[in-house]
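just to be clear, the model below is a prediction. Sequence and coordinates:
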Amino acid sequence: MLDLDLTSLRFFVAVCNAGNIARAAEQSHVVSSAVSKRLVQLETRLGTRLFFRRRHGVELTSAGETLLEHARAMLSRAQRIERDMAAYAAGVRGQVRVLATVSVMSESLADDVAKFLDKPEHAGIRVDIEERVSTTVVQGVREGVASVGICWDAADLQGLQSRAYRHDQLAVVVPPEHPLAQRTGVSFVESLNWEHVGLPLNSAVVALMMRTAAEHGRNLNFRMIVTNFEAAIRVVRARLAISVVPLEAVITNVHAYDLRLIPLTDPWAKRRFAICFRNLNTLTAASRTLVDYLGSDPAS
């Protein structure tokens, strides 16, 4: 097994980001010769060339591009280890890493975790939350990136254990003068008569919307793709498109912008979220305490 030191990988990533050894050395507060030496040692250890040296910088080889992907992942994991250990050194008795979807984050999770941490018996627990789409929430839990994930229960949870969390209602948001604005409910297929603004294409909702459109022989036309619900609402406010959004997550902004929310009547539009984990019996005490708390909330 190769023995790769993190310092060399940090210099390697710094050079890749800067595109220049001298610039990377300056940003890392070391001399250029030290960085060059580390890179030569790294290439020797790996037995392959990582860079082409050009007059004004460096260019990655195919091997260098592959190493860059792995190096970034390794350094990110090392940072998490350092942070986790620092937390224990500071007296934290338990730490829980949670992956959650944007809908869960926008609607309820932050408040629920805050209430959990406010309890005196949970004073020694730290909860770290990272936002992801449903597919990568499940993948992250399977791979051990986090002990707990929270996502739409329509995701493929095979091989994981789960508990019910909360639920929400998907709705179409439109300007007040839009033909759908006075409706009390609308099917998703009806909304396909207008251009949409959507979230990233790998999100579970977008995947289901595209599948539903295809089943009806229709096209889902995205005028824009944005990264969060607030941006989607702003696009609708500008009269550029309509959007399918979780009602609970956007209702405040929708009212502030004088827009209209029409609930979708499709069965899949009433979503339930799931707390997923690999095995309840192997969770740490802190993780199991959080799962028990979130899974027993009467509001879910």
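Everything's here; your move. Numbering: from 1, shown residues only.

how is the protein carved up into domains?
Per the record, the chain has its domains at 6-77, 89-166+272-295, 168-270, by automatic domain parsing.

any weak-confidence spans in the stretch 1-150 of the chain?
Applying pLDDT under 70 to the stretch 1-150 of the chain flags residues 1, 87-92.

re earlier: out of the domains of the chain, which is closest to R83?
When these are compared by CB to CB, domain 89-166+272-295 sits nearest R83, at 8.1 Å. Where C-beta positions appear, they are placed from N, C-alpha and C, glycine not excepted.

which element follows the longest strand that the chain contains toward the C-terminus?
Assignment by DSSP state E gives strand 161-174 as the longest strand of the chain. Once the chain leaves strand 161-174, the next helix or strand it forms, by DSSP states H and E, is helix 188-191.

what packs against that next one?
Secondary-structure packing of helix 188-191 (3 or more CB pairs under 8 Å, 6 or more residues apart in numbering; DSSP states H and E): helix 204-215.

quick revisit: each with direction, which strands does the longest strand of the chain pair with?
strand 243-246 (antiparallel), strand 260-263 (antiparallel), strand 270-277 (antiparallel) (DSSP bridges).

would a markdown table of these with mean pLDDT and mean neighbour count be doable?
Putting these into a markdown table (pLDDT from 0 to 100; neighbours: other CB atoms under 10 Å) gives the following:
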| stretch | mean pLDDT | mean neighbour count |
| --- | --- | --- |
| strand 243-246 | 93 | 24 |
| strand 260-263 | 96 | 18 |
| strand 270-277 | 95 | 21 |
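
any idea how far A71 is from the spatially closest residue to T48 that is not a sequence neighbour?
Leaving aside its sequence neighbours, T48 sits nearest to A63 (CB to CB, 6 or more residues apart in numbering; 4.5 Å). The spacing between A63 and A71, counted by CB to CB, to the nearest Å, is 12 Å.

neighbour count: the two, which is higher?
Taking other CB atoms under 10 Å, A63 and A71 do not tie; A71 has more neighbours (21 against 15).

for that one, which three-state class applies?
The assignment at A71 comes out as helix when based on DSSP: H, G, I helix; E, B strand; the rest coil.

which helix or which strand is home to the residue lying closest to it once chain neighbours are set aside?
In space, A71 comes closest to L9 once its chain neighbours are excluded; the distance is 4.4 Å by CB to CB, 6+ apart. Here L9 sits within helix 6-18, counting by DSSP H and E.

distance to L99 added to the strands paired with strand 161-174, as a markdown table?
A markdown table is the format used below for these (distance: least, CB to CB, whole Å):
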| stretch | distance to L99 |
| --- | --- |
| strand 243-246 | 18 |
| strand 260-263 | 28 |
| strand 270-277 | 9 |
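
tell me the contacts of the residue nearest to A71?
Counting by CB atoms under 8 Å, 6 or more residues apart in numbering, L9 touches L42, A71, M74, L75.

and the longest strand of the chain, what's buried?
Buried residues in strand 161-174, counted by 16 or more other CB atoms under 10 Å: Q161, S162, R163, Y165, R166, H167, D168, L170, A171, V172, V173, V174.

angle of the very next helix or strand once past the helix holding L9 against helix 6-18?
For helix 6-18, the succeeding helix or strand toward the C-terminus, using DSSP H and E, is helix 21-28. Helix 21-28 and helix 6-18 meet at an angle of 120 degrees, taking axes from the mean of the first three to the mean of the last three CA atoms, to 10 degrees as the criterion.

what lies in contact with helix 21-28?
For helix 21-28, contacts defined as CB under 8 Å, 6+ apart pick out 10-11, 14-15, 17-18, 31-32, 34-36, 39, 57-58.

just the buried ones from these?
Buried, going by 16+ other CB under 10 Å: R10, F11, A14, V15, A18, V35, S36, L39, G57, V58, out of the contacts of helix 21-28.

any chance you could map the helices in the stretch 51-200 of the chain?
Remark: helices assigned in the stretch 51-200 of the chain by DSSP state H, counting those that start in this stretch are 62-89, 102-104, 110-118, 134-142, 188-191.
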